[in-house]
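Enquirer: sequence first, then the predicted structure, then my questions.
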Amino acid sequence: MLDILRGTPLWVYAVFFVVTYYDLLACFKNYQSKTSLRITPIVFVAFSLVSISPSHGVVVQILVCVLGLFIGSFLALRIYSYGNIKLEGEGLVIAGSIKVLAVYWCFFAWRYYIGYLAAMYPELAAEVSAKVLSSFGGGLINGLIVGRCLKLLSLFKADNNNAVVPK
């Protein structure tokens, strides 16, 4: 295990600490702008789609990723609480939650595991079953992120910038 940690590039630790910093901020009351809610899902989904390997079984990988995305989005509607949200300017003030930190850490851990698998066991990582599992996990975690952002964006009325706070 220590060899794995020693062999991990420094940029991976830097990304982990930056993500952790921003997610710790999300544990407290924070402000989410419309722009942030629109960009975050795009970045994470794009990162997952780029990581799909263009070898055999790519259609299956994409379909499984989309399935995971739908399941994760559905779970996001159930897991996160949307009751304590206030409109402030062009965004929402959201009560803090440890759930956001947990989801982003899961995303990081999942990506780290897939990278580790590819580095240590390339023959296993090249199998379609491993790629499908990777796609489903990435889609599921992305679904949690996308579902939350879409739900928060839906709190804004389409005709103006007022937020509809759920009861």
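Expert: Alright, I've got the coordinates.

Enquirer: would you confirm that residue 62 contacts residue 132?
Expert: No: using Cβ atoms under 8 Å, residue 62 makes no contact with residue 132, being 10.3 Å away. Using the backbone N, CA and C atoms, a C-beta is placed for each residue, glycine as well.

Enquirer: what packs against the lengthiest helix in the chain?
Expert: Secondary structure of the chain per DSSP state H: the longest helix is helix 128-154. The criterion is 3 or more Cβ pairs under 8 Å, 6 or more residues apart in numbering; DSSP states H and E, and the helices and strands that helix 128-154 contacts are helix 34-50, helix 58-79, helix 98-120.

Enquirer: and the angle from it to helix 58-79?
Expert: Orientation check (axes from the mean of the first three to the mean of the last three Cα atoms, to 10 degrees): helix 128-154 against helix 58-79 gives 40 degrees.

Enquirer: can you point out the buried residues in helix 128-154?
Expert: Under the neighbour-count criterion of 16 or more other Cβ atoms under 10 Å, helix 128-154 has 130-132, 134-149, 151-152 buried.

Enquirer: tell me the angle of it relative to helix 98-120?
Expert: Interaxial angle of helix 128-154 relative to helix 98-120 (the same axes, to 10 degrees): 160 degrees.

Enquirer: helix/strand/coil for residue 32?
Expert: strand (DSSP: H, G, I helix; E, B strand; the rest coil).

Enquirer: want to throw the helices and strands packed on helix 128-154 into TSV with mean pLDDT, distance to residue 14 and mean neighbour count?
Expert: Shown next, in TSV, are the helices and strands packed on helix 128-154 (pLDDT from 0 to 100; distance: least, Cβ to Cβ, whole Å; neighbours: other Cβ atoms under 10 Å):
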stretch	mean pLDDT	distance to residue 14	mean neighbour count
helix 34-50	86	16	14
helix 58-79	90	26	17
helix 98-120	82	12	16
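
Enquirer: residue 24: which of these is closest?
Expert: Residue 24 lies closest, by Cβ to Cβ, to one member of the helices and strands packed on helix 128-154: helix 98-120, at 6.5 Å.

Enquirer: now the closest one, how far from the centre of its chain.
Expert: In terms of Cα atoms, centre = their mean, to the nearest Å, the centre of helix 98-120 is set 10 Å apart from its chain centre.

Enquirer: and the direction of that helix versus that of helix 34-50, what angle?
Expert: 20 degrees.

Enquirer: cool, thanks, signing off.
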